[in-house]
Structures are given as C-alpha cells and as structure tokens.
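Undergrad: Sequence first, predicted model second:
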Amino acid sequence: MSVRCEIAVTPSQINDAATVRHKFVRKAGIDGRDLDSLKIIKRSLDSRKQPIYRLQIEGFLKGEEPVQVESISDSFQRVDQAEPVHIIGAGPAGYFAALQCLQLGLKPIVFDRGKDVRARRRDLKAIQQEGVVDTHSNYCFGEGGAGTYSDGKLYTRSKKRGSVLKVLQLLVEHGASEDILIDAHPHIGTNKLPKVISAIRQSILDFGGEVHFDKWVTDFEVSEDRINRLIFADGQVSTVHEVILATGHSARDVFALLHRKKIHIEPKDFAIGVRIEHPQSHIDRLQYRQSPREEGLPAASYRLACELDGRGVFSFCMCPGGMIVPASTSPGEIVVNGMSPSRRDSPYANSGMVMSISLEDLQKEGYSGTFAGVKFQQDIEQAMYLASEQSLRAPAQRLLDFVEGKRSIDLPNSSYIPGLFNVRVDDILPDFLSRHLKKGLRVLGRKMPGYLTNDAVVVGVESRTSSPIRIPRDPTLLQHPEVSNLYPCGEGAGYAGGIISAAIDGQRVVQSIFEKVQR
Ligand SMILES: Cc1cc2nc3c(=O)[nH]c(=O)nc-3n(C[C@H](O)[C@H](O)[C@H](O)COP(=O)(O)OP(=O)(O)OC[C@H]3O[C@@H](n4cnc5c(N)ncnc54)[C@H](O)[C@@H]3O)c2cc1C
C-alpha cells in the first residue's frame, strides 16, 4: 500500500529531491530503505508568513508501482464518416467541444473567422507595433480564441473537480507541462500555449475532423425551428445538422445577427474597470516581505475583492511577471487585458480591477434594450481612443492620482508596447464607475497596505471581462429554446468565464448533442 502525507519545504528546497525524500520519510514514519519512489500530488505556496511550499506526496514502497493515468486521447475514434457537428469558434469552448466529439464518435467541423495560431502572431505584432487592428485576427479572434495569447491561467471556480482534471489532462496530452496537474494555481504561459493549440488541431485533423480558418459566419438560414445553413463572408454556404455557437464575448456581430434573425438573446450583468500595473518587485515585497525574492519563489500575485453598497470591486486575471496587451477587436477603440510568459519573468505585475455592472446601472446611465451593455462597453472603449488622440496609446494615470482624482505629472515605465497617454482616466470613465472604483480601491488598499502607490499606473479600459449578453438555452438539453439544433456555448453565450470553464462547457454541450443523436 502506498503512503500519503503532506510536508512543507522552503522555496530553495523545492527542487532538492534528497531533502524532499528525507522529509517525507520522517513525516510518514517509514524506513527510507523501504521507499521506492515519490509522486507529488499537489503543490501550493503558502506565503501568509515566511513563504513555504506545501507538498502532498504519495510514496511507493519497494515492489509497488504508481497507477498509470489512462490517456484520454487513446479513446479518440476515427470520425471521417460519423455524424457531423458544426462548431463556430476555435476558442477553448470550440476546440474542447471538438475533442469531446472525437471521444464520442461525432465528426467535428470547426470554423473560425481568424487565422491559425502561427499566422495570427503576425497580426498581433501589427497591433503592438503599428497600431493596426485586424477585425478577424487579434488578441480575441483567431485559432485558440481569446485564451491563446494570455497568461494561460488554468484555475477556475468550477467545483467539478473531475471535469477540470479532464481538461488539464487533455492539455498535458497536447504538450502542456505535467506541472499543471499538481499546481494549486496552474498556468501555461503565452509562449507555450500556441504549441498546445496546434497539437489540439492536429488531433482533430488526424482523427478525421475538419478545421477551417478565415471562415467568418455572417448569416444563418433558419426555417421552422432549425438553422439549416451557415453563410460565410466569402459567399460559401454549409448545410448543417447540429450547430455549436462558441464565438466568445467580443463577437458583437454574432449577437447582432441573432437579434436580426429574431433568435432570442438577453442582456446580462457583466464587469468593467481598468488594469493596474505595479513593478513586480513592489508586489513581491508586499506579498513575500522580501525583494529581490529568494530562489524558488515565483513572481508574487494577489487577489483582492470587496463589496460596497451591494456591488463588488475585484481584481481580475492577475498576471504576475506579465504585460498589458491591446485587446481591441476593431479600429477606433481601446481595450486592454493582460498576459504572461510561462516563466513570468517580466519586471511588471498587472491585474484587471473591475466592478460589476447591473442592468439597473445601465438604465440609470440612459442605456436600455438588449444591447445596453454592449453599447456601454463600446462607448467607453471609443472614449478611451479619442482621449489618447486616436491612437492605441492607452489612457493612463498613476494609481494614487487616480484615487485622488488628480492629473499625473508624468507616468512610470510600463509593459504596454503601444505606449501610455497621460490623461485623467477617472474623468473618461462614467462618473458612477469612477467613483465606485476609487471607493473600492481605498478599501482594498487597506486590505493590502502598500498597494495604493504612485509607482503603479492605472490603464484604461478593461472592458472585456465577461459577456454583456446571454444566449438562452434549455438547462438540461443545452439547446436554444427556439432553435432546436443551436447550442450556445462558452463565454460569449454567458456560460463560462475563463479558459477552463469554457472548455468544460464545450464538452458538456457535445455530451448533450451525443445523447440527442443516440435518441
Ligand atoms: C489577453 C487575454 C488574456 C486572458 N487570460 C486568461 C487567463 O489567463 N486565464 C483564463 O482562464 N482566461 C483568460 N482570458 C479569458 C479567456 O481567454 C476566455 O474566457 C476564453 O477564451 C473564452 O473561451 P470561448 O471559447 O468561449 O471564446 P473565445 O476564446 O473568445 O473564442 C471565440 C472564437 O470564435 C471566433 N469567432 C467569433 N465570431 C465568429 C464568427 N462570426 N465566425 C467564425 N468564428 C468566429 C473567434 O475568432 C474566436 O476564436 C484572457 C483573455 C484575453 C483576451
């Protein structure tokens, strides 16, 4: 019988196999000569006091072997002649839906408006260096979806441990490091994600599925209660059976198309705010009480949240050792987001700092109807662009100046490549949003003393944290209540928030299609 126990090691001991073994033997109370091998099951960093790693370890005695985890990809079936499932969107929801099809013996046919992950990189360079935004190939659109050029943080609030593990296992089988299976806060890194995405595409193709790029769905042919054909911008038409719509939160044209076709969609609450960037050394000092941080410690991160007058203000998508990126999907708007490389070794730490926006807020601001939230987002994104003299330089203000409502004399250095534009960000944001964010930041500054500093900069605007629209679906069958072969899926439809939950939603929707096909 194997032996399990938890040990604590210092950061400098984390890669020292002899020390880990020695501590395990002592804690487990076994004779070291009987121990054959160790397997780390969970690794978490506890930095409440002096930072230490907690390791949950399983030890195997002589003659015992760790049980091999079964490969999920081994269960993929050839699907050339199988029942087709049309998937619009090659983001995490669409691609994990496609992998689930391979497991269940359905043929995935994926369409994406953007380019393959490698070609997409050139368009990102054009945004960063020339300020040119391609409306089909950018930080949100293209193979891998919005999650590709991201931090690749893989934690989720989903309580379905089995489903989360399945997604992580599939990522490992497609080239991600096995560390993601044991880390309490796993992440892949923007430099490693494209290889994983390409490997997923290769699996889809190898087993007889299809993936098509530059395929922008601009219309549907609907009759009775079904979508019969998809119509693409290049004039091509595709006859379809079951359709998974996984187009993400930035595909505003898809929301408009559904509305035009009288397919019901509804407005929902979402969140909006700014991105805040500190020097990484500052966050290390606050979190670890040391800077430079000792060997074995990763760039420190934080998670902050408070509730004020019944409304949340919270940090979002924190990227330690990362950079702020321009995530606009159209010219004439500024949207920012964050990403980090796998080593998280940039000198900056950035995070979204957002607040929830309700339909009631929108109404008070004069926005109504289905597209109230979309219009509100758009107005702020365009106001940011105008404020920065119609460039992709992002409006920015030092953090304390933002909280105190003062123009900054100058700005600190930043990771944001198009550059920052010194302006009162608090003045560009709608007044209620600005006031509430400032109030929230004061509270959060007390929770994390030292957080509010003029060494940090506030950058506008973090507007694409979640979808302002929900595409309704039956809670059991997961199909649209009015269109029986339409399966709204992932973040854009309002059923996910992040890479893992979008992937799980893709798998769930395919399971439901499978059961329907079986019936
Ligand atoms: C810079 C950045 C960093 C992020 N960092 C993280 C992170 O570290 N961890 C995390 O969990 N989440 C992160 N996110 C959020 C995460 O990326 C999303 O939650 C996730 O990608 C949503 O998956 P999805 O498949 O539902 O939609 P998306 O990823 O948005 O994919 C939608 C796809 O549909 C395609 N599409 C849209 N319209 C059409 C059309 N009409 N026809 C054909 N194709 C179309 C798009 O090209 C796109 O590829 C980040 C997002 C960004 C922008």
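TA: Good, I have the coordinates.

Undergrad: List of residues touching the longest strand belonging to the chain?
TA: Of all the segments of type strand in the chain, defined by DSSP state E, the longest one is strand 35-46. Here strand 35-46 makes contact (CB atoms under 8 Å, 6 or more residues apart in numbering) with 4, 8, 20-21, 24-25, 51-64, 66, 179, 182-185, 297-298. All C-beta spots, glycine's among them, are computed from the backbone N, C-alpha and C.

Undergrad: if we go to 6 Å?
TA: 52-60, 62, 66, 182-184 (CB atoms under 6 Å, 6 or more residues apart in numbering).

Undergrad: Also stretch 163-181?
TA: With CB under 6 Å, 6+ apart, stretch 163-181 has contacts from 72-73, 154, 158, 186, 188, 195-196, 199-200, 500, 503-504.

Undergrad: tell me which residues in that stretch are buried?
TA: Neighbour-count burial for stretch 163-181 flags 163-164, 166-174, 176-177, 180-181 (criterion: 16 or more other CB atoms under 10 Å).

Undergrad: Could you list the residues of the stretch 401-519 of the chain in contact with the ligand?
TA: Contact residues, the stretch 401-519 of the chain versus the ligand (CB under 6 Å from any ligand atom): 490-492, 496, 498-500, 502.

Undergrad: make it 8 Å
TA: 464, 489-493, 496-503, 505-506 (CB under 8 Å from any ligand atom).

Undergrad: Just the C-alpha atoms of the helix or strand encompassing Cys306, please, in PDB.
TA: Assessed by DSSP states H and E, Cys306 sits inside strand 305-308. Listed next in PDB are the C-alpha coordinates belonging to strand 305-308 (Å, rounded to 0.1, in the frame of the first residue of the first chain):
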ATOM      1  CA  ALA A 305     -12.100  41.800  -3.600                       C
ATOM      2  CA  CYS A 306     -14.600  43.800  -1.500                       C
ATOM      3  CA  GLU A 307     -18.200  44.600  -1.600                       C
ATOM      4  CA  LEU A 308     -19.500  48.100  -1.300                       C
END
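
Undergrad: ok, and what's touching it?
TA: Under CB under 6 Å, 6+ apart, the answer for strand 305-308 is 313-314, 439-440, 443-444.

Undergrad: how about a cut-off of 7 Å?
TA: For strand 305-308, the surrounding residues in contact (CB atoms under 7 Å, 6 or more residues apart in numbering) are 312-315, 436, 439-440, 443-444.

Undergrad: same question, stretch 215-229
TA: By CB under 7 Å, 6+ apart, stretch 215-229 touches 88, 111-113, 136, 230-233, 237-240, 243, 257, 261, 482-486.

Undergrad: quick one, phi/psi of the nearest residue to Asn422 once chain neighbours are set aside?
TA: Of all residues beyond its chain neighbours, the one nearest Asn422 is Leu411 (5.3 Å), with distances taken as CB to CB, 6 or more residues apart in numbering. Main-chain dihedrals, Leu411, degrees, to the nearest 10: phi -120, psi 150.

Undergrad: Gly419 versus Leu411, what's the distance?
TA: 9 Å (CB to CB, to the nearest Å).

Undergrad: Longest helix in this structure, please.
TA: Once the chain is assigned using DSSP state H, the helix that runs over the most residues is helix 499-518.
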